[in-house]
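J.: show me the folded form of this:
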Amino acid sequence: MPIDLEDRGRALENEYFHRKEQELIEKLRAHMAVENAEDAGMDCPRCDGRLQEADYEHIKIDVCDKCHGVWFDAGELAQVIDKDKDGGWFSRLFD
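T.: Predicted coordinates for the structure are as follows:
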């Protein structure tokens, strides 16, 4: 059975557009990954630095990459104080 040229043309056209759509999807994913990486950090309230998440005894705190200021989200300070009740220096600040 011979291959109909019209069917072959449609198949090639579909393959072409499928390949172009996949390329576009990959470009969009890469662009979104770059945007998400840029939005991941927040601006430091004190300077023009970026806040990076750091781990302090399994508690996520924000530390500025320029001024090295430490910033707490809601409830994080209470968690740090509770973990340091054994007489560490941090709990003595609030006695």
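J.: doesn't A54 fall inside a strand?
T.: Yes: assessed with DSSP: H, G, I helix; E, B strand; the rest coil, A54 lies in a strand.
J.: the closest residue to it other than its chain neighbours sits in which helix or strand?
T.: Leaving aside its chain neighbours, A54 sits nearest to V63 (4.7 Å; criterion: CB to CB, 6 or more residues apart in numbering). Any C-beta I mention is one placed from the backbone N, CA and C, and that applies to glycine too. Element membership for V63 (DSSP states H and E) is strand 59-64.
J.: quick one: buried residues of that strand?
T.: Using 16 or more other CB atoms under 10 Å as the test for burial, strand 59-64 gives I59, I61, D62, V63, C64.
J.: from these, which single one is nearest E21?
T.: In terms of CB to CB, no member of those lies closer to E21 than D62, at 39.7 Å.
J.: strands along the protein, start to end?
T.: Listed in chain order, the strands of the chain (DSSP state E) span 42-43, 50-56, 59-64, 70-71.
J.: now those strands as TSV including mean pLDDT and distance to H18?
T.: Below are the strands of the chain laid out as TSV (pLDDT from 0 to 100; distance: least, CB to CB, whole Å):
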stretch	mean pLDDT	distance to H18
strand 42-43	82	40
strand 50-56	84	40
strand 59-64	86	43
strand 70-71	86	48
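J.: tilt between the helix ranked longest in the chain and strand 50-56?
T.: Counting by DSSP state H, the longest helix found in the chain is helix 5-39. For helix 5-39 against strand 50-56, the angle by axes from the mean of the first three to the mean of the last three CA atoms, to 10 degrees is 80 degrees.
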